[in-house]
Every structure is written in C-alpha cells, then in structure tokens.
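*Asks:* the following block contains a protein sequence and its predicted model.
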Amino acid sequence: MGRSSVSPGAQKGHVMTHTARLPYPQLAPKAFKSLLDLSTAVQKGSLGSRLADLVFLRVSQINGCAYCIDLHWRELIRQDADPRHLNAVAGWREAPFFSERERAALQWAEIVTATPHGDASDEEFARLRTHFSEAEVAELGFAIAAINAWNLLNVSFRNPVPQNG
C-alpha cells in the first residue's frame, strides 16, 4: 500500500548487522516503558491479543522490522495460531484463513501505515466501522501507531533478532 515490501536498507544494499547501534531501552527508559505500556494496553484491550499481534505482525512485515516480525510471530504461536496461517499474513487478501474482522483490521493497518503516501478514505473508514466499534477503532489506531514506533526504533537502531526465542 504505497510502500515497498522490501525495507529501505535492503533497497540500498544494506545488510543487517547482528549488533545494535545503541541500547535505546536503557538510554531512554521512561520513553521505552511508556511505549511498552501502550503496547501492553492494546493487547489487553478490546481487540484482544491475537488481533493485536496479527496487526503488529503485518505492519512489521511492511516496515521490514525483522525483530518485530519474529517477536509477534512467536507470540501468535504461543496463542496456538496455526503456523500456516501466520505464513500467509503477508498475502492475507488471497488466503482463506482470516475472518472479515481480521481482514478489516489488516486493511486499515496497511492504509494507516502507508500514510502520507496512501489515503485513509471515508469509504475505507466506513468499511472498517462495519466490524469495529468506535472504541475498537481508536484502540486499533493506537495499535498501529505503537507498532510503527517500535518498527522505526528497531530498524533505525538495528536491534537484532535474538538467536534463541
């Protein structure tokens, strides 16, 4: 949706190192905890942890954040998600594994993540509202904002995927 499926670093020939640029959680502990608290609140909110993690996984795929892709894939596996279904998240439009509610959330997550290159049109918003209450739409907005923030932090500071999950 307006962004390449290849991360910007990969487009320029960048190869991820296995060493973080700096330990941002330790250097900005209050901000880190606040973002962590936001993510936790979203997962414990009305969307539920499965839908929140599906959104987190899809947005992380779009943003090319391997750390978050790995983290949310593992979280969904812990919730007994079928690995085959998770492998199809990037192609959710073509896969039969997702409910209409999940599809609406994934569509909205892609649209919002593509901002300002995309358009969160009134038509798309109305489609979203057929599956979510106003409070749930607000929580979905915070979920999308939170994972985009995590992705930007982890990619820019080159937070490596842990070798052991």
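*Replies:* Yep, that arrived. Just so it is clear, the structure is predicted and the values come from calculations on it, not from any experiment. Residues are numbered from 1 along each chain as shown.

*Asks:* for the residue minimising distance to the centre of the chain, what are its contacts?
*Replies:* Among the residues of the chain, the one closest to the centroid is Phe56, at 2.4 Å (Cα atoms, centre = their mean). Shown in contact with Phe56 (Cβ atoms under 8 Å, 6 or more residues apart in numbering): 39, 68, 72, 75, 143, 147, 150. Yep, even glycine has a C-beta here, placed from its N, CA and C like the rest.

*Asks:* quick one: which helix or strand includes it?
*Replies:* Secondary structure assignment for Phe56, by DSSP states H and E: helix 49-63.

*Asks:* next structured bit after that helix?
*Replies:* The element immediately downstream of helix 49-63 (helix or strand, assigned by DSSP H and E) is helix 66-78.

*Asks:* re the thing from before, buried stuff in the helix holding Phe56?
*Replies:* Judged by neighbour count (16 or more other Cβ atoms under 10 Å), helix 49-63 contains these buried residues: 49, 51-63.

*Asks:* and if you look at stretch 80-97?
*Replies:* Under the neighbour-count criterion of 16+ other Cβ under 10 Å, stretch 80-97 has 81, 85-86, 88-89, 92 buried.

*Asks:* endpoint to endpoint, it covers what distance?
*Replies:* Across its full length, stretch 80-97 reaches 14 Å between end residues, using Cα to Cα, to the nearest Å.
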